[in-house]
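K.L.:
Return a 3D structure for these sequence lines:
(one chain, ligands or ions: 1)
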Amino acid sequence: MEQYIIKGGKPLMGEVTISGYKNAALGIIAAAIMTDETVKIENVPKIKDIDILLQAIEKIGAKVDRINRNTVKINGSKISSLKVDFDFVRKIRASYYLVGSLLGKYKNAQVAFPGGCNIGSRPFDQHIKGFEALGAKVKIEHGSICAHADELKGGHIYFDCTSVGATINTMLAACLADGQTILENAAKEPHVVDVANFLNSMGANIKGAGTDIIRIKGVPKLHGSEYSIIPDQIEAGTFMFAAAASQGDVLVKNVIPKHLEAFTAKLLEIGAEVQEFDDSVRVRVSGRLGNTHVKTLVYPGFLTDMQPQMTTLLSVSKGTSIVTENIFENRFKYVDELTRMGANIKVESNTAIIEGVDKLTGAIVNAPDLRGGAALVLAGLMAEGFTTVENVEYIERGYENFEYKMQQLGADIIKVDSEDTKAIRKFKLKVS
Ligand code: UD1
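P.N.:
Predicted coordinates for the structure are as follows:
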């Protein structure tokens, strides 16, 4: 089993370049098979979740050419099966986007029910509401989502809650429906806008993405396109917080500063220095940070995916902080691991009460999920001594070259097989 070993206490210094946004790439790859022409997508992050989705579309007959590490060409003209029952697909949440894209293009889809991080109950009812409003019949049978329509017709949908997944999924299917679809209470996240921009570049007619009302005029078919995915706001936020956690000075490059405003605001509030440039942000910290209250909300509020990193940063800040998780109820699993490192955090229902301690100390900890795992790496950077983070496969699902990018900033971190005692000893000797 691979693990990260981190020797804490070194400030991160230098520059890091952010990869393409995983959550946008997942929607865009699903959308790419909706045309029979070839689509070229750039800035695709090389991470596990993307590999799995690419393998899944290959399995049903799409042609996938990896031009280089971050560029892929996809051709969906030879799709021969509308049944996505590939074992791995269950492991990623966003496999559900194949329901929207296949339903839109072929009026039929059967996709294994998705998995993803265990961060709370993740219902699918709003996706079903969207598809049914377009005239589809949806059933969950034998572990798969089965959707079928004799004809897809535009509809008017008012979502009961703001869901990124349901907004993108309904938008995918609606692009090729007959007539106009209106999505109300739609999610406004940057990746909703990116998927809409991509679909528009393929000839779709989507207006209003980024607001809570999206209007889609169905078109008969989509065409080929070339598109570059937006930078990953969560990876960028994670490196901003890593810079702060390690009392460092880091220029986070290839970002859209607007997408990072909620993180920037909190960093400024607790005493970090943040400078925004056109496509980069610099985070600098010297001295102990202060406390704050944070509530996770839908965009442009504070993103739930950055909650574990925020809580970790606050675990060594002055005073008492309160973090409230409003999106996923099970997103505090990493807190037990932080406690092992000396943090003083009490979780009551969806709220963490954090009494800032002077320091964390290294320990063996377990990544419980993707973002919780990244937060534990940040904890390792702050802690005195060595921290071992197990289950790094969770972290690799969402961060490209995570330990390499950290190393480039001067962090003492390696990824190593837990059985490779020689490499572990060598690393520990080198950094001691
Ligand atoms: C996406 C992101 C994830 C992020 C989340 C919230 C991807 C691949 N994943 O997940 O990283 O944490 O947005 O920003 O983009 N809900 C329902 N019914 C539904 C769907 C959702 O009640 O049919 C609820 C969920 O339980 C949750 C809330 O809506 O409380 C938001 O979920 P949603 O936006 O759908 O999250 P995902 O799209 O799964």
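K.L.:
just how off-centre is stretch 174-192 within its chain?
P.N.:
Here stretch 174-192 is found 20 Å from its chain centre; the criterion is C-alpha atoms, centre = their mean, to the nearest Å.
K.L.:
Then stretch 195-212?
P.N.:
On C-alpha atoms, centre = their mean, the centre of stretch 195-212 falls 20 Å from that of its chain.
K.L.:
Just the endpoints, please. Distance across that stretch?
P.N.:
Using C-alpha to C-alpha, to the nearest Å, one end of stretch 195-212 lies 15 Å from the other.
K.L.:
number of nearby residues for whatever residue of the stretch 151-300 of the chain ends up closest to the ligand?
P.N.:
The nearest approach of the stretch 151-300 of the chain to the ligand comes at residue 165, 2.8 Å away (C-beta to the nearest ligand atom). Bear in mind the C-beta positions are built from the backbone N, C-alpha and C, glycine included. Counted with other C-beta atoms under 10 Å, residues neighbouring residue 165 total 25.
K.L.:
and it, what helix or strand is that in?
P.N.:
Taking DSSP states H and E as the definition, residue 165 sits inside helix 164-175.
K.L.:
tell me what that helix is packed against?
P.N.:
helix 22-32, helix 97-106, helix 125-133, strand 180-184, helix 190-201, strand 205-207, strand 213-217 (3 or more C-beta pairs under 8 Å, 6 or more residues apart in numbering; DSSP states H and E).
K.L.:
What distance do you get for the residue of the stretch 151-300 of the chain closest to the ligand to residue 179?
P.N.:
Applying C-beta to C-beta, to the nearest Å, the value for residue 165 to residue 179 is 24 Å.
K.L.:
Over to residue 190?
P.N.:
28 Å.
K.L.:
These two: which has the busier surroundings?
P.N.:
Between residue 190 and residue 179, residue 190 has the larger neighbour count (other C-beta under 10 Å), namely 22 against 13.
K.L.:
if I pick the nearest residue to the more buried one once chain neighbours are set aside, what's in contact with it?
P.N.:
Residue nearest to residue 190 in three dimensions, not counting chain neighbours: residue 259, with 4.9 Å by C-beta to C-beta, 6 or more residues apart in numbering. For residue 259, the contacting residues are 190, 230-231, 233, 236, by C-beta atoms under 8 Å, 6 or more residues apart in numbering.
K.L.:
can you put the helices and strands packed on helix 164-175 in TSV and add mean pLDDT and distance to the ligand?
P.N.:
Below are the helices and strands packed on helix 164-175 laid out as TSV (pLDDT from 0 to 100; distance: least, C-beta to the nearest ligand atom, whole Å):
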stretch	mean pLDDT	distance to the ligand
helix 22-32	98	3
helix 97-106	97	8
helix 125-133	97	3
strand 180-184	98	13
helix 190-201	98	6
strand 205-207	98	18
strand 213-217	98	14
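K.L.:
Can I get these in a markdown table including distance to residue 343?
P.N.:
Below are the helices and strands packed on helix 164-175 laid out as a markdown table (distance: least, C-beta to C-beta, whole Å):
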| stretch | distance to residue 343 |
| --- | --- |
| helix 22-32 | 27 |
| helix 97-106 | 36 |
| helix 125-133 | 35 |
| strand 180-184 | 41 |
| helix 190-201 | 31 |
| strand 205-207 | 44 |
| strand 213-217 | 41 |
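K.L.:
closest one to residue 404 among these?
P.N.:
Ranking the helices and strands packed on helix 164-175 by their distance to residue 404 (criterion: C-beta to C-beta) puts helix 22-32 first, at 16.9 Å.
K.L.:
and the residue lying closest to residue 267 once chain neighbours are set aside, how far is that from residue 268?
P.N.:
Nearest non-adjacent residue to residue 267, counting by C-beta to C-beta, 6+ apart: residue 274, 5.2 Å away. When distance is defined by C-beta to C-beta, residue 274 is 6 Å away from residue 268.
K.L.:
Neighbour count for those two, which is higher?
P.N.:
For residue 274 and residue 268, the more surrounded residue by other C-beta under 10 Å is residue 274, and the numbers stand at 21 against 11.
K.L.:
in which helix or strand would I find the more buried one?
P.N.:
With DSSP H and E as the criterion, residue 274 is inside strand 273-276.
K.L.:
can you give me the mean pLDDT across that strand?
P.N.:
For strand 273-276, mean pLDDT rounds to 98.
K.L.:
Surely residue 329 touches residue 351?
P.N.:
No: using C-beta atoms under 8 Å, residue 329 makes no contact with residue 351, being 11.1 Å away.
K.L.:
the more surrounded of the two?
P.N.:
More neighbours surround residue 351 than the other of residue 329 and residue 351, with 15 against 12 (other C-beta under 10 Å).
K.L.:
Could I get the contacting residues of that one?
P.N.:
322-325.
K.L.:
now residue 148
P.N.:
Neighbouring residues of residue 148 by C-beta under 8 Å, 6+ apart: 103, 107-109, 136-137.
K.L.:
gap between it and residue 181?
P.N.:
Applying C-beta to C-beta, the value for residue 148 to residue 181 is 18 Å.
K.L.:
Could you pull out the helices in the stretch 251-400 of the chain for me?
P.N.:
Under the criterion DSSP state H, counting those that start in this stretch, the stretch 251-400 of the chain contains helices at 261-269, 307-314, 335-340, 370-382, 392-396.
K.L.:
Kindly present those as JSON lines, with separate columns for mean pLDDT.
P.N.:
Below are the helices of the stretch 251-400 of the chain laid out as JSON lines (pLDDT from 0 to 100):
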{"stretch": "helix 261-269", "mean pLDDT": "98"}
{"stretch": "helix 307-314", "mean pLDDT": "98"}
{"stretch": "helix 335-340", "mean pLDDT": "97"}
{"stretch": "helix 370-382", "mean pLDDT": "97"}
{"stretch": "helix 392-396", "mean pLDDT": "94"}
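K.L.:
Switch the ones you listed over to CSV, and while doing so, append distance to residue 50 to every line.
P.N.:
Formatted as CSV, the helices of the stretch 251-400 of the chain follow (distance: least, C-beta to C-beta, whole Å):
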stretch, distance to residue 50
helix 261-269, 23
helix 307-314, 21
helix 335-340, 27
helix 370-382, 13
helix 392-396, 11
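K.L.:
of all those helices, which lies closest to the ligand?
P.N.:
The nearest among those, by C-beta to the nearest ligand atom, is helix 370-382 at 7.8 Å.
K.L.:
Just the angle for the closest one relative to helix 22-32, thanks.
P.N.:
150 degrees (axes from the mean of the first three to the mean of the last three C-alpha atoms, to 10 degrees).
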